[in-house]
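>>> I'll drop the sequence and a predicted model, then ask my questions.
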Amino acid sequence: MQPNSTATREPEGNQMEEKGSDEKTVKYYRLSEVEEHNSFKSTWIIVNYKVYDVTKFLEEHPGGEEVLREQAGGDATESFEDVGHSTDAREMASTLLIGELHPDDRHKINKIPESLVTTVHETTSWWSNWLIPALAAAIVMLMYRIYRAEEA
Ligand code: HEM
């Protein structure tokens, strides 16, 4: 349960310990708290439910401070992963870690799963895809009947 890659520190075991975390104790932050840290005075970002204080890192960030500012006070997971940050970058991030997003707030930053969105779209297009050909078929049938009736 405890093996961690960089484990040189022993857990102190005096407060709540959290499995899966590199550090001994975990401080949980509510989303509202993180959102307050969205200025140059204090810039926090969330990546994979972990909260990072990047205030002092803004100027050092090789990707520029602007990209970090844009994400300040919110969830930067997607942008962070899109860049394909190196292992070095991830190690650097761990030095800026201050805690984790409170489990009760994690659903708030989850986007609607793609699959669900697709299903909604598919449902809509199924109706229109079915309705238009059916109407067209009915019109053709009607015209054919009128044509036959006139011939007789
Ligand atoms: C704790 C947070 C972060 C740390 C420690 C960090 C660190 C780094 C490092 C070390 C690099 C150099 C390239 C590499 O080693 O991968 C880098 C590049 C970059 N980062 Fe970050 N980064 C963080 C967050 C972010 C976020 C949230 C974004 C996007 C919103 C971002 C966007 C970029 C971009 C665009 C580059 C340049 C990539 C390139 O030129 O190829 N970074 N970052």
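Thanks, I have the structure now. Numbers count the residues shown, from 1 in each chain.
>>> hey, let's count contacts and neighbours off CA atoms from now on
Fine.
>>> show me the shaky parts of this structure.
Residue ranges of the chain with pLDDT under 70: 1-24, 112-127.
>>> which residues of it fall in strands?
Using DSSP state E, the strands of the chain run over 28-29, 44-47, 50-53, 97-101.
>>> what's the closest of those to the ligand?
strand 50-53 (5.9 Å; C-alpha to the nearest ligand atom).
>>> which residues sit against the closest one?
29, 34, 42-46, 93, 96-101 (C-alpha atoms under 8 Å, 6 or more residues apart in numbering).
>>> out of the strands of the chain, which one sits most buried?
Ranked by mean neighbour count under mean count of other C-alpha atoms under 10 Å, the strands of the chain are led by strand 44-47, which reaches a mean of 24.
>>> for that one, the distance to its chain's centre please.
12 Å (C-alpha atoms, centre = their mean, to the nearest Å).
>>> pull the residues that contact that strand.
Counting by C-alpha under 8 Å, 6+ apart, 34-35, 37-38, 51-55, 68, 71-77, 80, 101 sit against strand 44-47.
>>> kindly recompute the last result at 7 Å.
34, 37-38, 51-54, 71-77 (C-alpha atoms under 7 Å, 6 or more residues apart in numbering).
>>> what does this structure put close to the ligand?
Within the chain, the positions near the ligand by C-alpha under 6 Å from any ligand atom are 52, 61-63, 67-68, 76, 79-80, 83, 85-86, 88-90, 92-93.
>>> could you pick out the buried ones from those residues?
The neighbour-count criterion (16 or more other C-alpha atoms under 10 Å) marks 52, 68, 76, 80, 93 among those as buried.
>>> quick revisit: now tabulate the contacts of strand 44-47 in a markdown table and tack on distance to Ala137.
Below are the contacts of strand 44-47 laid out as a markdown table (distance: C-alpha to C-alpha, whole Å):
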| residue | distance to Ala137 |
| --- | --- |
| Val34 | 58 |
| His37 | 61 |
| Asn38 | 59 |
| Val51 | 59 |
| Tyr52 | 61 |
| Asp53 | 63 |
| Val54 | 63 |
| Gln71 | 53 |
| Ala72 | 56 |
| Gly73 | 56 |
| Gly74 | 53 |
| Asp75 | 51 |
| Ala76 | 51 |
| Thr77 | 50 |
